[in-house]
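In: after the sequence you'll find the predicted model.
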Amino acid sequence: MSSCGSVHAPESWVQNSYPDTSCNFCVIIRPRPHWIRLLFVRRGSLLHQIAGQLIFIFTLSCLVVAAHGQLFTWKITLNSSAFSLMGVAIAIFLGFRINASYDRYWEARKQWGSVLVESRNLARQSLTLLAPSHDARPFVLGLIGFAATMRNQLRGLPNTAQTQGLFSESLTSQITSARSAPTLVLLWLGRWLQECRAKQALEPALAHKMEVSLDGLSLALGSCERIANTPLPFTYSVILHRSAYLYCGLLPFGLVDTIGLMTPLVVTIVSYTFFALESLSDEIEEPFGLAANDLALDAMVAGIDASLREMLGEVRRQHPNRMQT
Amino acid sequence: MSSCGSVHAPESWVQNSYPDTSCNFCVIIRPRPHWIRLLFVRRGSLLHQIAGQLIFIFTLSCLVVAAHGQLFTWKITLNSSAFSLMGVAIAIFLGFRINASYDRYWEARKQWGSVLVESRNLARQSLTLLAPSHDARPFVLGLIGFAATMRNQLRGLPNTAQTQGLFSESLTSQITSARSAPTLVLLWLGRWLQECRAKQALEPALAHKMEVSLDGLSLALGSCERIANTPLPFTYSVILHRSAYLYCGLLPFGLVDTIGLMTPLVVTIVSYTFFALESLSDEIEEPFGLAANDLALDAMVAGIDASLREMLGEVRRQHPNRMQT
Amino acid sequence: MSSCGSVHAPESWVQNSYPDTSCNFCVIIRPRPHWIRLLFVRRGSLLHQIAGQLIFIFTLSCLVVAAHGQLFTWKITLNSSAFSLMGVAIAIFLGFRINASYDRYWEARKQWGSVLVESRNLARQSLTLLAPSHDARPFVLGLIGFAATMRNQLRGLPNTAQTQGLFSESLTSQITSARSAPTLVLLWLGRWLQECRAKQALEPALAHKMEVSLDGLSLALGSCERIANTPLPFTYSVILHRSAYLYCGLLPFGLVDTIGLMTPLVVTIVSYTFFALESLSDEIEEPFGLAANDLALDAMVAGIDASLREMLGEVRRQHPNRMQT
Amino acid sequence: MSSCGSVHAPESWVQNSYPDTSCNFCVIIRPRPHWIRLLFVRRGSLLHQIAGQLIFIFTLSCLVVAAHGQLFTWKITLNSSAFSLMGVAIAIFLGFRINASYDRYWEARKQWGSVLVESRNLARQSLTLLAPSHDARPFVLGLIGFAATMRNQLRGLPNTAQTQGLFSESLTSQITSARSAPTLVLLWLGRWLQECRAKQALEPALAHKMEVSLDGLSLALGSCERIANTPLPFTYSVILHRSAYLYCGLLPFGLVDTIGLMTPLVVTIVSYTFFALESLSDEIEEPFGLAANDLALDAMVAGIDASLREMLGEVRRQHPNRMQT
Amino acid sequence: MSSCGSVHAPESWVQNSYPDTSCNFCVIIRPRPHWIRLLFVRRGSLLHQIAGQLIFIFTLSCLVVAAHGQLFTWKITLNSSAFSLMGVAIAIFLGFRINASYDRYWEARKQWGSVLVESRNLARQSLTLLAPSHDARPFVLGLIGFAATMRNQLRGLPNTAQTQGLFSESLTSQITSARSAPTLVLLWLGRWLQECRAKQALEPALAHKMEVSLDGLSLALGSCERIANTPLPFTYSVILHRSAYLYCGLLPFGLVDTIGLMTPLVVTIVSYTFFALESLSDEIEEPFGLAANDLALDAMVAGIDASLREMLGEVRRQHPNRMQT
């Protein structure tokens, strides 16, 4: 999502200007940073988040070197063999944790992809399975509104934020104070299809198909709620956090006798790897937030809006600098 | 589920007060504990569960240091190289075990999410696929009752605990002494749909769709039964337990010659990592219990109740401190 | 499955006494063994299976110590650094193998869970989708018979073992000498539904749904056949077996110079971890056997029997000591 | 598949003798080789495939020992610490590669299992969903033919190899020179169902169900084509191959100073583990070949043939030595 | 895809010459390179991409050896024990990253396989589910066009590149400037089926089935968009990149004291393994590009074209050197 860095201007996209929706359709051949530049980029390095810890560890290491590993007059007798025992274990457990966090992040992204796919399916089907005389526009706008209210719920925004023009007035007033607005939007979509069947504009066998896609939206909603509400077991984070910090805090004592003045450098590098990965884990474990590595929900809602309106045949000026993204 | 810590007051939620159902709809941007605070929190640290083992290991290490690694007059000739052989193996196997336990936990959570999603689907469909004159309320209440009896079965509670007002009297008496109450509730839901078809209020092609969602509930039930009844192979736990404890018990003998007085500290830290992760594994391996890291089944049932009643249009006072959660 | 340890009395459960079916419905809060007791339990420790190897390794280590690492007059010049090279590699590969074996075990368990779920679905649907005047009992008994013949096939038992009263006589004689009896039972179930349609007792759109569940049973059968007939690549087992045994066999020569008299103890502990995990891998890799950690197929068939008969409304005395399980 | 070792006699099974199809139905309790025997079996040890490399490494090690680690008069200054750095990395990457290869192997096996399952489903449905007066035999034989042509395509055999009596003459001539014969067989099966519908012998709602199973066969075909045509990234294999061989080639220089005469033994054992696992990875990565650990496609096609003919009620003599397999 | 190396001649395949489509149907028994040749192949070795880094590291190592590990007159006091701490951690994290990248690559391949499978399904169904008098050719050509526009979008090509003769003129003009051309093609396919239903040439229950396959195409499109637009968290790449380069940059200082002149060789080998794997990860993480290890989208589109035209019965000369591929 890095190419969508300039996305967070939500007030603009409701006016149909969509400065950032090209993200969903941009080409994938983006220039990869040179390996040297990658060593020094600040964006995404998480340095500002773990600067405090690293400075603490660096200072501690310098003190340990200055004191030759002695606490007052008492020599701390640690050597590196004691640390190779623990280091591997921590690395393995941290590896599993990163994996689990990334799985959560990627599943959340899949569910939002599923919202796009099922919205397109339902839009296509409302345009082709209903009797041609039936105007499907309210239904398609309601699908866009579902994505918007789902984002609002996951981010704790007001239910009707950025949904102007998508819902009928009665639906708007109904969801304003609802606990779960997207569920009520789904119910409204189902009611709209019910009216179509009542007017003989939709065959039962085809209504069955469209219900399955509504279930798909419901599944995406429920899955995102699950990810948002059930973090990794808190205890797991606590154990790994403590083990990693104790390890890095004792490490200078273990290294000072053999590598001397290089101790602060090595300890800081090791700490950077462990702390940064732990911090990244924390960040992508809850993928619906606003941190740099979280999902760009605004861009995704805008992408759904653009794709569905295009299917309705609503012309929109081509984004001028699409290729520069 | 940590934000739902105050949930366990099941006697209150049947009276429609739902103090904790906001959990299913709470915002996800929760304050992350500061890294220093995370080092000292007691909640979730599992310390009270493994305190005995850690004190034992610490005492043993002190004795080993005091005796200079001698058992009476016989020097125990162990060094750290012997332990690096074993430590990595145990870490790898423990890593796989945590992974397998977490998969069980996460699958259980998914199945409960599936109960929420399929209940919403069936509620929506009962409100929109049936002839509009048909009152779907008994069916929707039955769906809530399914979730409640499923929780009761998984926790070993009486079948009808906290199901007042959800079932008809005849169904209540039928499930009171049943082996598998949720299955009978599903059968009742199927019978209710059968009556709708008999009254021409439901097309067969749409009844097909609703049966698929009933199958989804049945799948979630069967999957949770599977997780509850089939633990990880007991032998696996035994082997890892023994290896980890023997390793930590012999470790002081291996370290005393090189790190001397620091032995108790290092051994206790290593033991904390291993014992705590093993204990957490044990806890989340059976996710339907009442331990701190287990699933908040009560909150989930209450969330289903709230979501389905909202679809029925039953007004309920907004939870006052929703944003503070 | 450990709580179902007393299950293997198959001759009793056909007489409707079901001493062990409570396993499918038992509560999950079972007392966890104390950590000290877990160090000494004999059940599940696999000690009897690998006793020979461990005694061999222990004796070898003692001889190596007695000979001071010399073979006759020739000193075997091994040290621990040579072993740390190999030990990690073997641990990693063994970890992957355990993972693959456990996946097979867990997938087999899932397929049997799927048999339970689809049987319940079909039972429910035969009771609610057919015209109410139609007696679904033969169909439901046929479903129980499917599970029984599937177990018989996977365990190499006679096709009709423990299926008394479940099949019609003609079906019984047909499957007695069949290659794949469960497939013929599925065909019979399909034929039974065909007759219902012929009598206008089942709508085609709903017959479609029931066929999907029959396909689910067919999938579970095919998947279990796949697991039973396609072990892990034999070569993989051979390579790991040899590497682990060569490693443990040479280990005493590598340790004797540094840890002396402790060599037999350390070598035996390392060997126990490797041999026991390899043995457990072997055991759960083929989960349909009769070993301690294999799946309790008899209990699962009995659970299906109990659940489906309850749906038929057939009263059965409550298992007296259900709560003690 | 090891119990099906005698399968490769494809010319015999078309004459309905099926010497090996019992493999699909054999019991799973096969005697496990004794742990000592497992150390010396030649089958599956891959020794003949990596003998060249091992002899090369062994000879090199002996030369290194003889020269005391000197290249002419220049001492190669390597020690084991340099190797522990690399060894773990290579083991981890090799572990991931074995995992990925095994996933390909297992997915291919699953797809063939899916062919069996969907063929049985379609056979059952053609026998029960069509009007009873309709003879489904040509359709069922066509299903067997689909499996046979799929195997032919994956193995590069002529399209019509071993399909005598399964197809009509016109279909046979059509597929003889086809690029993708199985696709045309599926098209023919679809046409056959089209004729049934034209004759009012198949309801549209049930035809829908059968189309879904035809899609299942199409999916299995496409998935096997995908596995066959898209190997693991070639670069991945190259990097691992080089790293492993450079590692083993330099290892004697690193060990000779500490373990002296034992160098050739240890180096050869380490090399055996690495080379054999890499070779096995290569073998199961492309699971449709004819190597010892590849899938027994002939046996699987024969199993499908036997199972489907049994459903047609075609009597066949019981395989006499079924239990000895 | 390595056997399809000569594919990139897209201008030729639109003229029905298909020089490379045999790739989808080629035999799988391809000669495996000899183990010695595999050590020296240049293709796929990524050497040209990481040559700069390797030369830098090699030069640095030589300088370190020449200076005996001193920076001017200041001895850099590093030894190998400090590196074994970090090396394992980096290897584990890199292993997880390669795994995640490969999962992206393989999922992208699966989605394209799904396009092939669903296109075949829809082609078969358009030929057999519609009334026989209906000409399905425009629909089948539209399916080919869907795959072509999907590739165009993922590679950033003009929407109508290489789609001559596949679309009607009105559709062509509609998609030329579309944001998401494949979505509009799907909409057109849905409209085509709508007309069939309007002419009573397609039963609703069977139209349901075909809509499900259109949804399958929509899912494949959305999934590929997801993979293209959401890379691995950028921070993850940055952290691993830095850790690996710092590690390799400091390694010569740590090794020079013990292995002296061999330092440049060992450091370069270790760096090759880490850098090459990181570079490969980068490459397959975005699988829709034009790098050597990326997916051969042109060949896949051509394969879909060939397979679907064969189903239409359009004769095409057999590719002459099919067996040599």
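Out: Yep, it's here. Worth saying up front: this structure is predicted, and the values here are computed from it rather than measured.

In: and the helices in chain A, which stretches?
Out: A:10-13, A:35-40, A:47-66, A:80-128, A:137-155, A:169-176, A:181-198, A:204-229, A:234-259, A:263-285, A:297-311 (DSSP state H).

In: between the ones you listed, which one is closest to residue C:124.
Out: Closest to residue C:124 of these, according to C-beta to C-beta: helix A:204-229, at 19.5 Å. All C-beta spots, glycine's among them, are computed from the backbone N, C-alpha and C.

In: how about that closest one, which residues are buried there?
Out: By 16 or more other C-beta atoms under 10 Å in any protein chain shown, the buried positions in helix A:204-229 come out as A:204-229.

In: weakest of the helices of chain A in terms of mean pLDDT?
Out: Note on the helices of chain A: lowest mean pLDDT is at helix A:10-13, with a mean of 34.

In: the closest residue to residue A:114 other than its chain neighbours: what's it in contact with?
Out: Using C-beta to C-beta, 6 or more residues apart in numbering or on different chains and skipping the chain neighbours, the partner closest in space to residue A:114 is residue A:220 (4.5 Å). With contact set as C-beta atoms under 8 Å, 6 or more residues apart in numbering or on different chains, residue A:220 has these partners: A:111, A:112, A:114, A:115, A:118, A:150.

In: pretty sure the fourth one sits against residue A:150.
Out: Read that as residue A:115. Yes - under the criterion of C-beta atoms under 8 Å, residue A:115 makes contact with residue A:150 at 6.8 Å.

In: find the closest residue to chain C in the stretch 201-325 of chain A.
Out: Residue nearest to chain C within the stretch 201-325 of chain A (C-beta to the nearest C-beta): residue A:205, separated by 7.5 Å.

In: pretty sure that residue contacts residue E:210?
Out: No - if you go by C-beta under 8 Å, residue A:205 and residue E:210 don't touch, sitting 11.7 Å apart.

In: which residues touch residue A:96?
Out: B:95, B:98, B:99.

In: which residues does the spatially closest residue to residue A:254 that is not a sequence neighbour contact?
Out: Distances taken as C-beta to C-beta, 6+ apart place residue A:78 nearest to residue A:254, at 4.0 Å, with adjacent residues excluded. Contact partners of residue A:78, counting by C-beta under 8 Å, 6+ apart, are A:69, A:250, A:253, A:254, B:259, B:262, B:266.

In: scan the residues you listed and report the most crowded one.
Out: Greatest neighbour count in the contacts of residue A:78, by other C-beta atoms under 10 Å in any protein chain shown, goes to residue A:254: 30 neighbours.

In: hmm, that one is touching residue A:86, no?
Out: No - contact between residue A:254 and residue A:86 fails when scored by C-beta under 8 Å: they sit 10.0 Å apart.

In: now stretch A:240-256: how far from the chain's centre is it?
Out: Mean-position distance between stretch A:240-256 and its chain equals 31 Å (C-alpha atoms, centre = their mean, to the nearest Å).

In: now, which of the contacts of residue A:96 sits nearest chain E?
Out: For the contacts of residue A:96, the minimum distance to chain E (C-beta to the nearest C-beta) is 9.6 Å, reached by residue B:95.

In: mind listing what the closest one touches?
Out: Residue B:95 neighbours (C-beta under 8 Å, 6+ apart): A:92, A:93, A:95, A:96, C:95.

In: of all the residues you listed, which two lie farthest apart?
Out: A:93 and C:95 (13.4 Å).

In: where's residue A:113 relative to residue E:107, distance?
Out: Per C-beta to C-beta, to the nearest Å, residue A:113 is found 11 Å from residue E:107.

In: for stretch A:138-148, list every residue counted as buried.
Out: A:139, A:140, A:141, A:142, A:143, A:144, A:145, A:146, A:147, A:148.

In: with distance to chain C added, can I get these in CSV?
Out: What follows is these, written out as CSV (distance: C-beta to the nearest C-beta, whole Å):
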residue, distance to chain C
A:139, 25
A:140, 28
A:141, 32
A:142, 28
A:143, 27
A:144, 32
A:145, 32
A:146, 28
A:147, 30
A:148, 35
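
In: is chain B contacted by stretch A:127-141?
Out: No - using C-beta under 8 Å from any C-beta of the partner chain, we find that stretch A:127-141 stays clear of chain B, coming within 13.1 Å at best.

In: what's the span of that stretch, first residue to last?
Out: End-to-end distance for stretch A:127-141: 13 Å, by C-alpha to C-alpha, to the nearest Å.

In: do that stretch and chain E meet?
Out: Yes - counting by C-beta under 8 Å from any C-beta, chain E is contacted by stretch A:127-141 at A:127, A:128, A:129, A:132.

In: would you turn those into TSV with neighbour count and distance to chain C?
Out: As requested, the residues of stretch A:127-141 next to chain E are arranged in TSV below (neighbours: other C-beta atoms under 10 Å in any protein chain shown; distance: C-beta to the nearest C-beta, whole Å):
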residue	neighbour count	distance to chain C
A:127	22	25
A:128	24	22
A:129	28	17
A:132	13	25
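
In: kindly provide the distance from residue A:87 to chain E.
Out: 5 Å (C-beta to the nearest C-beta, to the nearest Å).

In: then residue A:199?
Out: For residue A:199, the distance to chain E equals 16 Å [C-beta to the nearest C-beta].

In: can you check the pLDDT for that residue?
Out: 93.

In: who touches the nearest residue to residue A:125 once chain neighbours are set aside in this structure?
Out: Of all residues not flanking residue A:125 in the chain, residue A:210 sits nearest, at 5.4 Å (C-beta to C-beta, 6+ apart). By C-beta under 8 Å, 6+ apart, residue A:210 lies in contact with A:122, A:125, A:126, A:129, A:193, A:202.

In: the second one against residue A:212, yeah?
Out: No - contact between residue A:125 and residue A:212 fails when scored by C-beta under 8 Å: they sit 10.1 Å apart.

In: brilliant, that's me finished.
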